[in-house]
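> Predicted coordinates and the sequence they were generated for:
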Amino acid sequence: MKKRVYIAYTGGTIGMQRTIAGYAPAPGYLESRLNAMPELHDPAMPDYDIYEYSPLLDSSNMQPDDWLKIAQDIATHYADYDGFIVLHGTDTMAYTASSLAFMLQGLQKPVILTGSQIPLCEVRNDARENLITVLLIAANYAIPEVCLYFGDKLLRGCRSVKVNAMGFEAFDSPNYPPLGTVGIDINIHWPYIRRVGPGPLTVMPLHDTRIGALRLFPGLSAEIVRNILQPPLKGLVLEGFGVGNGPTDDGDFMAALHEATLRGVVIVDCTQCLKGSVNLSGYATGSALAQVGVVSGYDMTAEAALAKLIYLFSQELLVERVRFLMQTSMRGELSEGKL
Ligand code: ASP
């Protein structure tokens, strides 16, 4: 029997058209282009159904409600398809991929996000190759993960980051090897793919977005930090220097963090470096952060840490449980114990 793939088309450059204000989504356009591509109707290709979202979004306009809509859409069609593709803008694709990984609990089938840097309407584009390859992967490889495909690499969604605003190799997963590489052959690197237990698929909803992110820099004022940490904030991704260090000689800064953690704010330290892990026992400027209640995000991307905080706070868990789970791998988003 022919494999079937469900395509959720949420927006993004891939299906955009030129307008006087620049590229913008155009309803109906992508599907008509796909219908006119003979290679998509080759016997080697799976059957697919495409569902266009309304409105189509530039992903810079996406919100957690949109992530939830995608997760629910996949769950609704889960039994009827072998794999799922989410066509999405590249700007916030790593956030959506991270969030879907947490929300889709018990996932057994591939969910692959892709898009392009140049839309399908242009003669020279990266959309065609990305689209054809994800259709083949989603149909033929039973990868039980949320993945992101771009520029010949299949990445774990909750490890991915946008690293290039212009190039075709726009994404990378600096702290985890690609799940697959595509050249003459499609090579899936099975040892890196998570083993999962039996389903069923459950969508864990999102509703609590009272979280924030703060990138440390020399000269950051303690007053600003104190303001950010005020209610209603429940969780903060603190992007520290190097292995997660901060300006711990600044007593006001440290007092602001300590007061917040005592009130139950979960502060997770991620590194500003693209590669490597937080190690809060490496330097005095890190261990002092741990002493005031900051927890390590290890080698999680800031995107994954933000999505995970939203996900965990939406489950109404106790603060201590949220702190524990932020330091524990739930979907392969962090390497535990690699300090
Ligand atoms: N602004 C676009 C978006 O994220 C960029 C892209 O798709 O490449 O929707």
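Received the coordinates, thanks.
> drop to CA atoms for contacts and neighbour counts, all remaining ones
Noted.
> Close to the ligand: what parts of the stretch 1-150 of the chain are there?
Residues of the stretch 1-150 of the chain lying near the ligand by C-alpha under 6 Å from any ligand atom: 12-13, 58-60, 89-92, 116-117.
> if we go to 8 Å?
The stretch 1-150 of the chain comes close to the ligand at residues 11-14, 57-61, 88-93, 115-118, as judged by C-alpha under 8 Å from any ligand atom.
> what are the ranges of the helices in the stretch 1-150 of the chain?
29-35, 64-77, 93-103, 127-140 (DSSP state H, counting those that start in this stretch).
> Ok, the stretch 151-300 of the chain next?
222-228, 251-262, 284-291.
> Make TSV out of those helices and add mean pLDDT and mean neighbour count.
TSV is the format used below for the helices of the stretch 151-300 of the chain (pLDDT from 0 to 100; neighbours: other C-alpha atoms under 10 Å):
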stretch	mean pLDDT	mean neighbour count
helix 222-228	98	15
helix 251-262	98	18
helix 284-291	97	18
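> Which strands or helices does the lowest-mean-pLDDT helix or strand in the chain pack on?
Within the chain, judged by mean pLDDT, DSSP states H and E, the helix or strand with the poorest mean is strand 22-25; its value is a mean of 90. Here strand 22-25 touches strand 16-19, going by 3 or more C-alpha pairs under 8 Å, 6 or more residues apart in numbering; DSSP states H and E.
> Test my guess that P200 contacts A79.
No - here P200 lies out of contact with A79, judged by C-alpha atoms under 8 Å, at a distance of 10.5 Å.
> circling back: mind checking which of the helices of the stretch 151-300 of the chain is nearest the ligand?
helix 222-228 (27.1 Å; C-alpha to the nearest ligand atom).
> What residue in the stretch 201-339 of the chain comes nearest to the ligand?
Closest point on the stretch 201-339 of the chain to the ligand, by C-alpha to the nearest ligand atom, is E303, at 14.8 Å.
> burial measure for that residue, as a count.
By other C-alpha atoms under 10 Å, 23 other residues sit near E303.
> Find the nearest non-adjacent residue to it, please.
Y95 (5.2 Å; C-alpha to C-alpha, 6 or more residues apart in numbering).
> Can you say which of the residues of the stretch 1-150 of the chain next to the ligand are buried?
11-14, 57-59, 88-93, 115-118 (16 or more other C-alpha atoms under 10 Å).
> element containing the residue of the stretch 201-339 of the chain closest to the ligand?
Here E303 sits within helix 302-314, counting by DSSP states H and E.
> correct me, but Y48 touches R4?
Yes - under the criterion of C-alpha under 8 Å, Y48 makes contact with R4 at 5.5 Å.
> quick one: contacts for the residue most central in space within the chain?
Nearest to the mean C-alpha position of the chain, by C-alpha atoms, centre = their mean, lies S98 at 2.7 Å. Shown in contact with S98 (C-alpha atoms under 8 Å, 6 or more residues apart in numbering): 157-160, 303-304, 307-308.
> try 6 Å
By C-alpha atoms under 6 Å, 6 or more residues apart in numbering, the contact set of S98 is 157-158, 304.
> Output the residues you listed in CSV, with pLDDT, distance to E336 and neighbour count appended to each entry.
As requested, the contacts of S98 are exported to CSV (pLDDT from 0 to 100; distance: C-alpha to C-alpha, whole Å; neighbours: other C-alpha atoms under 10 Å):
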residue, pLDDT, distance to E336, neighbour count
G157, 98, 18, 31
C158, 98, 15, 31
A304, 98, 15, 26
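> And those residues, which is closest to I132?
G157 (19.0 Å; C-alpha to C-alpha).
> ok, now how distant is the closest one from N35?
Distance of G157 to N35, given as C-alpha to C-alpha, to the nearest Å: 28 Å.
> end-to-end on stretch 268-278?
Across stretch 268-278, first to last residue, C-alpha to C-alpha, it's 10 Å.
> That stretch: which residues count as buried?
In stretch 268-278, counting by 16+ other C-alpha under 10 Å, buried: 268-274, 276-278.
> and it, average pLDDT?
Mean pLDDT, stretch 268-278: 97.
> Give me the contacts around that stretch.
Under C-alpha under 6 Å, 6+ apart, the answer for stretch 268-278 is 174-175, 237-244, 294-299.
> Which residue is the nearest non-sequential neighbour of G28?
Counting by C-alpha to C-alpha, 6+ apart, the residue nearest G28 is E52, at 7.7 Å.
> And for that neighbour, the neighbour number?
E52, neighbours per other C-alpha under 10 Å, totals 18.
> Tell me the spacing between the closest residue to the ligand within the stretch 151-300 of the chain and L220.
When distances are taken as C-alpha to the nearest ligand atom, the stretch 151-300 of the chain reaches nearest to the ligand at A165, 8.0 Å away. Distance of A165 to L220, given as C-alpha to C-alpha: 27 Å.
> All set, thanks.
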